[in-house]
Each structure stands twice: as C-alpha cells, then as structure tokens.
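1. Output the structure for:
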Amino acid sequence: MPTSMPAPSIRIPIELLTPTAFAQFGAVVENPATAPASKLPIRHRIPPPEAVSANQGSATKYLDVTHMSNLYSLAPSKKPAKAVMNMFVCSPRNLRPHEPSISMPSSWGDLDLDEDEDGTGSYQKQLLDVAILERHPFTTQTFIPMGLAQHDRHTQYLVIVAPTLPASASRRHTGRPPPYPTPHVQRKRSVMDIFARARPSPYTNETVPAQSPFSRLHPSARPKGPGLPDLKNLRAFVATGAQAVTYGAGTWHAPMIVIGDRPIDFVVVQFANGVDNEDCQKVLLEPDASASEGVVVTVDTDSSGTVQVKAGVGSVKAKL
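-> This is a model prediction of the structure:
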C-alpha cells in the first residue's frame with residue numbers, strides 16, 4: 001500500500017513545456033529548429049545540442065539529446081538493473097467541471113483569466129485532480145509519444161512534476177520518518193583522498209575537496225534523497241506530439257496524463273531491477289482536514305480543444 005501525505009487545497013496553472021523551464025526535473029527531447037521554445041526570446045532558450053551531418057548529408061544528427069542514469073548501485077537490495085523498453089497506451093483522462101474554490105496560490109501563479117481570447121467566447125474551463133505522485137529513485141525514465149502530430153490540437157499530454165522536500169520537512173508533514181529512505185553513500189577514502197584533505201595539502205597550497213561520484217551527472221539526474229514531494233512547487237506542463245520527456249532519477253511526477261479525443265502510445269525507456277519499491281515509489285495525496293479539494297490542475301481549452309498555457313514563459317498567447 002503506498003504511503004500518503006496530507007495535501008493542501010491548491011490549483012496549478014499550466015505552463016509551456018520548454019527545456020529551460022523543465023531543466024530541474026529532467027530533459028525535453030525535441031527538434032530545436034521547430035520546437036515551441038524556438039519562438040521564445042533568446043533569454044528563455046538554452047543552447048541546442050551539438051549537431052553533425054549524417055546519412056550522406058541527408059540528415060542532421062543531434063548528439064546526446066538526453067541522458068540515461070542507472071543509480072541502482074545505491075539501491076538497498078544491490079540487485080543489478082537492466083535497460084528496459086515498455087509501451088504505455090494512455091487513454092484520455094476524465095476532467096471535472098470548473099467550479100470556484102478557495103485555494104492557496106501556487107508558487108508558479110494562480111491565474112484565472114475570465115476573458116475568452118480565442119475570439120469565439122467558447123473557452124472550456126475544467127479541473128484535473130492529482131491524487132497520486134510517483135518516482136523512480138534509481139533511474140531516469142523517458143516517455144516518447146508515437147503517432148501524435150506536432151500540431152494536433154485535439155489530443156495533448158500533460159507533464160506534472162514536483163521537487164523533493166528535505167527529509168526533515170517530510171517528517172513534519174507525516175509525523176514519521178521519510179517513507180522511502182535512500183541509503184547513505186559511503187565512499188571509501190584512498191590514500192590520495194586522505195592526503196588531499198590534509199592542511200596544508202602536500203600537492204598544492206590549497207585543500208582539495210573530495211569530488212562527489214555524481215558530480216558529472218546533470219543535476220536533474222543526481223539522487224534526490226528520501227523526501228516527499230514539495231506540493232507548493234508542483235508544476236504542470238503541456239507537451240506536443242513532437243516532444244519526448246525524460247524524468248530525472250528520483251523526480252516526483254504524476255502518471256502520464258492525456259487530454260483530448262484519443263489515446264496516446266508512449267514508448268518508455270528506463271532501467272529496472274524487478275524490486276517493486278526500488279523500481280517505483282508512490283505517494284497518495286489526500287486532502288487535509290482544512291482542504292476543500294486537494295491538489296488540482298486547471299485545464300482551459302479553446303474551441304479547437306487546444307490546452308491553453310496560463311503561466312510561465314509564453315503564457316496565454318502561446319501557440320502549440
């Protein structure tokens with residue numbers, strides 16, 4: 001049975017999925033020449049991956065567009081993992097009608113725009129209840145949509161993520177130790193390490209700090225610790241069919257959420273060792289005694305069914 005945590009009444013606006021906005025949670029895989037972020041001001045972009053010519057000059061090859069991390073050496077069982085590739089066929093989610101609610105503001109905006117900017121006066125305002133979050137503490141996880149056009153207006157998917165709270169804050173939320181302890185990494189010190197920490201250093205006039213074994217990993221791919229999700233900083237992004245997404249190891253996220261007319265097939269690439277609590281950890285979000293509804297994402301669509309971006313860079317007028 002998954003652990004649970006009390007959830008405040010909070011409504012989350014939807015943002016445009018861009019590599020810059022998503023960087024602390026993982027990576028966005030997209031063609032940098034045609035991606036939504038290519039239309040944003042330069043200050044809101046990150047440098048594109050290195051590109052080389054391929055296939056006798058008929059293709060452009062972008063290098064290292066995402067990275068896979070295998071941290072199962074930290075898992076309690078020490079059981080080795082292997083790379084796996086699965087398929088998820090995700091059906092559209094049922095949304096509930098919009099209704100006013102007293103909720104605390106999201107850290108990323110709590111906008112409720114009443115004007116209809118699609119010119120037809122037919123904005124549809126609906127709500128998505130977020131009842132569960134999960135994470136894969138020792139592996140990245142890449143979702144690659146299939147058969148969904150970049151400009152498909154009638155079917156899109158949402159990427160909902162949250163940072164990890166410090167372990168001490170998790171104890172305050174639940175009154176008990178963190179539910180999913182991550183073992184402390186004890187690195188054996190070599191003779192070089194011992195001398196490097198000496199004062200003064202025998203090699204230079206300065207001390208040389210020991211380098212973390214994870215320092216070369218992208219920050220989103222490093223171990224996150226045993227903490228619960230930070231619900232006040234939960235974020236929701238809308239993706240197009242031309243975007244794949246990689247969750248960093250240990251990133252709290254909602255199961256993939258499809259909005260629209262039809263299912264989306266996702267090929268999912270990750271590592272796994274077959275130990276349930278090491279491959280996937282879940283937490284149920286239960287509204288606390290003073291909350292009227294818990295964690296909710298506001299989903300506004302125009303007359304064509306396109307999800308509207310209401311917060312962050314490219315908000316309101318972003319065209320996906």
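
2. neighbours around the spatially closest residue to residue 125 that is not a sequence neighbour, how many?
-> Counting by CB to CB, 6 or more residues apart in numbering, residue 98 is the residue found nearest to residue 125 once chain neighbours are left out, at 3.7 Å. Any C-beta I mention is one placed from the backbone N, CA and C, and that applies to glycine too. If you count neighbours by other CB atoms under 10 Å, residue 98 ends up with 16.

3. residue ranges of the helices in the stretch 201-320 of the chain, please?
-> Assigned by DSSP state H, counting those that start in this stretch, the helices in the stretch 201-320 of the chain fall at 276-279.

4. re earlier: quick one: the residue nearest to residue 125 and residue 306, what's the gap?
-> Residue 98 sits 17 Å away from residue 306, going by CB to CB, to the nearest Å.

5. quick revisit: which residues sit in contact with the residue nearest to residue 125?
-> Listed by CB atoms under 8 Å, 6 or more residues apart in numbering, the contact partners of residue 98 are 125-127, 298.

6. how about those in CSV, adding neighbour count?
-> Below are the contacts of residue 98 laid out as CSV (neighbours: other CB atoms under 10 Å):
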residue, neighbour count
125, 16
126, 16
127, 16
298, 22
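
7. So which of these is the closest to residue 52?
-> residue 298 (42.4 Å; CB to CB).

8. Skipping adjacent residues, who's closest to that closest one in space?
-> Nearest residue to residue 298 in three dimensions, chain neighbours excluded: residue 11, at 5.3 Å (CB to CB, 6+ apart).

9. Helix, strand or coil: sort out that neighbour for me.
-> strand (DSSP: H, G, I helix; E, B strand; the rest coil).

10. surely it meets residue 103?
-> Yes - Residue 11 lies in contact with residue 103 (CB atoms under 8 Å); the separation is 4.7 Å.

11. In stretch 226-245, which residues are buried?
-> With burial defined by 16 or more other CB atoms under 10 Å, the residues of stretch 226-245 counted as buried are 226-232, 234-245.

12. What about these, which are in strands?
-> Those of the buried residues of stretch 226-245 mapping onto strands are 235-239, 244-245, per DSSP state E.

13. Where in the chain is the helix or strand with the lowest mean pLDDT?
-> The weakest-scoring helix or strand in the chain, judged by mean pLDDT, DSSP states H and E, is helix 191-196 (a mean of 60).

14. List the beta-bridge partners for the residue nearest to residue 298.
-> Going by DSSP bridges, residue 11 is paired in beta bridges with residue 296.

15. Do you know the pLDDT at it?
-> Per-residue confidence (pLDDT) for residue 11: 93.

16. cool, and residue 202?
-> Residue 202 is given a pLDDT of 52.

17. got it, and residue 252?
-> Residue 252 carries a pLDDT value of 96.

18. separation between the closest residue to it other than its chain neighbours and residue 238?
-> In space, and not counting its chain neighbours, residue 252 is closest to residue 229: 3.9 Å by CB to CB, 6+ apart. Computed as CB to CB, the residue 229 to residue 238 distance reads 20 Å.

19. What strand or helix carries the nearest residue to residue 312 once chain neighbours are set aside?
-> Nearest non-adjacent residue to residue 312, counting by CB to CB, 6+ apart: residue 15, 3.7 Å away. Here residue 15, judged by DSSP states H and E, is contained in strand 14-16.
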